[in-house]
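Asks: Provide a 3D model corresponding to the input given below.
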Amino acid sequence: MPNESNPARPAASNSVREKMKSIAELAEIARRARDNGQVVVLAHGVFDLVHMGHVRHLEAARREGDILIVTTTADALVNRGPGRPIFTEDLRAEMLGAIQYVDWVGINQTPSAEETLEIIRPNVYVKGSDYENPEDDVTGNIALERDAVEKFGGRLVLTKDITFSSSNLINQYLNVYDHPLRDYLNTMRQQDTADRVASLMDIIAKFRVLIIGDAIIDEYQYVNAMGKAAKEHIIATRFQEQEIFAGGVLAAANNVANICAEVEVVTMLGSGDEHEEFIRGALKSNITLTALHRDGVPTTRKVRFIDPSYMRKLFEVYHFDDSPLSEDHEDTVNDIIRDRASDFDLVIVTDYGHGLIGRSTIDLIVEKARFLAVNAQTNSANIGYNLITKYPSADFICIDAPEAHLATGDRFSDMEHIVTDKLSDMVDCGQIVVTHGKRGCMTYDHEAGVTNIPAFTKTVVDTVGAGDAFLSITAPLVAAGAPMDLAGFVGNAAGAMKVSIVGHRRSIERAPLLKYITTLLK
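Replies: Down below sits the predicted model:
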């Protein structure tokens, strides 16, 4: 319970855990303190490894007012590399509560503190001196947070004392990475990798991108297994809830739109399908949707039935028609490509093999694209029939290891041999990435050769869309002239971020990606 003499402060005898409150509870505590004429101070951060810099920071924060509230970022929103956060959100909150200067602690469930500031409305918001230059904040959050605190008459204060980087301490002194990844990151640190990536991101921020591919509605049905049916040899499940996502080329386009200026999507939807309004609402504002409509067929919808306890997919049902387009529809698609493709800096093809892209369309894309990046995906509906070798040439290919084995008809050779001696001859392409899941990726450049890049995370929530995220982020970089090993590094970072996201709840955004990369390399 709070002190009777100061109801906004906890009693000295309270345990550390009693300092831990929900954001709503902290808002009420702050309101009572303000009503009593007290100055409320809020500090926010990840605080993954509490060190002396944090202690001095919080001591200085406490001097700014009468009570100090500290919020820490929820685990699911910490994008700081493999094995992060080191400590769970509850443990981090408890560690903060153990510091004598801290009166109350909460867990922030949003990517930045902006919303929490608007709820708690502190008089003072305190950040460290490393935020003194807003241009160094790749997320751009500090400017938004300053606006949020000033909106209600508060002010931003920057503390000045000894500083350390938790990420640097973790990277250098805690064995959170296995040896191959640790050695690889040490090499990348010596190559000014973060600055090189940021410079490339500035270049592609002006790009106009045309992306062609199958639109997919990804529907997640969350169910709990009840047991075997009494009279049937089936497992009965109880429905819990559902989520619907704009997937396929739509998800890929959202990723591209986060790092490039303008995106146009060319795809096919079912005629009169009820999902079109949802699709248009799910796309980023800088995306133009050019959607043709096919009579008598649905927009492709893939329904996955999922045990939500561990995100285990039980089975899936496809609602689609993957037969080839009619001659009229194919001519319409081709007319769009003929008229528009050469106007874009980059053409990306996400070919799921669901009937949109036929032979004449492929030939036209290859002819008209100024820079062509392609993925021909193998899935349960097209295995063995939708191979990357259907494309005679491309500037950049991104496929996974099983797709490379299928395309070359070689089940057992090592991937370097498959790519350098077979695939690069079967498709006229000098820049190839093969993704390997938990083994990372392998990049190939016809001049620089092969580079193997280890995976950046072992924690996988959902793999849906990870390959598309890799392609979406790397294709503009390669088109801008990025070396393949650097593109592979960024692609692995994007893939690691994507596998922590359920379905397409969020896309890969520029600021969190750069923050993730910067943290990896500290």
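
Asks: can we go C-alpha only for contacts and neighbour counts from here?
Replies: Noted.

Asks: Helices of the stretch 401-522 of the chain, start to end?
Replies: Taking DSSP state H, counting those that start in this stretch, the helices of the stretch 401-522 of the chain run over residues 401-408, 415-417, 424-426, 466-479, 484-498, 510-520.

Asks: Next: the stretch 151-300 of the chain.
Replies: Along the stretch 151-300 of the chain, the stretches classed as helices by DSSP H, counting those that start in this stretch are 166-173, 179-189, 193-204, 249-257, 276-282.

Asks: Make JSON lines from these and add distance to residue 226, mean pLDDT and mean neighbour count to it.
Replies: Rendered in JSON lines, the data for the helices of the stretch 151-300 of the chain read as follows (distance: least, C-alpha to C-alpha, whole Å; pLDDT from 0 to 100; neighbours: other C-alpha atoms under 10 Å):
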{"stretch": "helix 166-173", "distance to residue 226": "44", "mean pLDDT": "51", "mean neighbour count": "16"}
{"stretch": "helix 179-189", "distance to residue 226": "42", "mean pLDDT": "88", "mean neighbour count": "15"}
{"stretch": "helix 193-204", "distance to residue 226": "49", "mean pLDDT": "96", "mean neighbour count": "16"}
{"stretch": "helix 249-257", "distance to residue 226": "33", "mean pLDDT": "98", "mean neighbour count": "29"}
{"stretch": "helix 276-282", "distance to residue 226": "32", "mean pLDDT": "94", "mean neighbour count": "14"}
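
Asks: Can you check which of the ones you listed gets nearest to residue 362?
Replies: helix 249-257 (16.3 Å; C-alpha to C-alpha).

Asks: got the angle for the closest one vs helix 484-498?
Replies: Interaxial angle, helix 249-257 versus helix 484-498 (axes from the mean of the first three to the mean of the last three C-alpha atoms, to 10 degrees): 120 degrees.

Asks: Check which helices and strands helix 249-257 sits against.
Replies: In this structure, helix 249-257 makes packing contacts with strand 208-213, strand 215-228, strand 262-270, strand 287-294, helix 466-479, judged by 3 or more C-alpha pairs under 8 Å, 6 or more residues apart in numbering; DSSP states H and E.

Asks: helices or strands up against the last one?
Replies: This points to helix 466-479. The contact analysis (3+ C-alpha pairs under 8 Å, 6+ apart) places helix 466-479 against helix 193-204, helix 249-257, strand 346-351, strand 396-400, helix 484-498.

Asks: Ends of stretch 264-282, what's the gap?
Replies: Using C-alpha to C-alpha, to the nearest Å, the end-to-end distance of stretch 264-282 comes out at 14 Å.

Asks: That should have said stretch 347-367, apologies.
Replies: One end of stretch 347-367 sits 11 Å from the other (C-alpha to C-alpha).

Asks: Mind putting the helices and strands packed on helix 249-257 into JSON lines with distance to residue 246?
Replies: Converted to JSON lines, the helices and strands packed on helix 249-257 look like this (distance: least, C-alpha to C-alpha, whole Å):
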{"stretch": "strand 208-213", "distance to residue 246": "13"}
{"stretch": "strand 215-228", "distance to residue 246": "5"}
{"stretch": "strand 262-270", "distance to residue 246": "12"}
{"stretch": "strand 287-294", "distance to residue 246": "13"}
{"stretch": "helix 466-479", "distance to residue 246": "13"}
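
Asks: what's the closest of these to residue 26?
Replies: Of the helices and strands packed on helix 249-257, the one closest to residue 26 (C-alpha to C-alpha) turns out to be strand 215-228, at 32.8 Å.

Asks: Domain ranges for this structure, per the record?
Replies: 16-172, 198-520 (automatic domain parsing).

Asks: averaging pLDDT over each of these, which comes out lowest?
Replies: Across the domains of the chain, domain 16-172 has the smallest mean pLDDT, namely a mean of 83.

Asks: Quick check: buried residues in stretch 458-472?
Replies: Residues 460, 462-472 are the ones in stretch 458-472 that count as buried (16 or more other C-alpha atoms under 10 Å).

Asks: which residues in the stretch 1-150 of the chain form strands?
Replies: Shown for the stretch 1-150 of the chain, the strands assigned by DSSP state E, counting those that start in this stretch span residues 40-45, 67-73, 104-108, 124-127.

Asks: still on that earlier bit, mind checking the helices and strands packed on helix 249-257 for the one nearest to residue 362?
Replies: strand 208-213 (10.6 Å).

Asks: contacts for the closest one?
Replies: Residues from elsewhere that reach strand 208-213 (C-alpha atoms under 8 Å, 6 or more residues apart in numbering): 248-249, 253, 256, 260-267, 341, 344-352, 356-357.

Asks: Could you tell me which of the residues you listed count as buried?
Replies: Buried, going by 16+ other C-alpha under 10 Å: 248-249, 253, 256, 260, 262-267, 341, 344-352, 356-357, out of the contacts of strand 208-213.

Asks: Mind putting the helices of the stretch 151-300 of the chain into JSON lines with distance to residue 484?
Replies: As requested, those are exported to JSON lines (distance: least, C-alpha to C-alpha, whole Å):
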{"stretch": "helix 166-173", "distance to residue 484": "25"}
{"stretch": "helix 179-189", "distance to residue 484": "14"}
{"stretch": "helix 193-204", "distance to residue 484": "12"}
{"stretch": "helix 249-257", "distance to residue 484": "18"}
{"stretch": "helix 276-282", "distance to residue 484": "31"}
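
Asks: Show me the one of those that comes nearest residue 413.
Replies: helix 179-189 (22.6 Å).

Asks: Just want the angle from that closest one to helix 484-498.
Replies: Interaxial angle, helix 179-189 versus helix 484-498 (the same axes, to 10 degrees): 120 degrees.

Asks: before we move on, back to that, generate CSV for the helices and strands packed on helix 466-479, with distance to residue 53 as supplementary columns.
Replies: Shown next, in CSV, are the helices and strands packed on helix 466-479 (distance: least, C-alpha to C-alpha, whole Å):
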stretch, distance to residue 53
helix 193-204, 24
helix 249-257, 36
strand 346-351, 46
strand 396-400, 43
helix 484-498, 28
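
Asks: closest one to residue 92 among those?
Replies: helix 484-498 (21.5 Å).

Asks: which helices and strands does that closest one pack with?
Replies: helix 193-204, strand 441-445, strand 449-453, helix 466-479, helix 510-520.

Asks: For residue 88, which of these is the nearest?
Replies: With C-alpha to C-alpha, the closest approach to residue 88 among the helices and strands packed on helix 484-498 belongs to helix 510-520: 18.0 Å.

Asks: where's the closest one relative to the chain centroid, distance-wise?
Replies: Chain-centre distance of helix 510-520: 10 Å, with C-alpha atoms, centre = their mean, to the nearest Å.

Asks: Between helix 484-498 and that helix, find me the angle.
Replies: Counting by the same axes, to 10 degrees, helix 510-520 points 110 degrees away from the direction of helix 484-498.

Asks: OK, contacts around the closest residue to residue 446 other than its chain neighbours?
Replies: In space, and not counting its chain neighbours, residue 446 is closest to residue 430: 4.9 Å by C-alpha to C-alpha, 6 or more residues apart in numbering. Shown in contact with residue 430 (C-alpha under 8 Å, 6+ apart): 395-396, 424, 444-446.

Asks: Which members of the residues you listed are classed as buried?
Replies: Applying 16+ other C-alpha under 10 Å to these, the neighbour count classes 395-396, 424, 444-445 as buried.

Asks: Make CSV out of those residues and add distance to residue 271.
Replies: Below are the buried ones among the contacts of residue 430 laid out as CSV (distance: C-alpha to C-alpha, whole Å):
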residue, distance to residue 271
395, 34
396, 33
424, 39
444, 42
445, 43
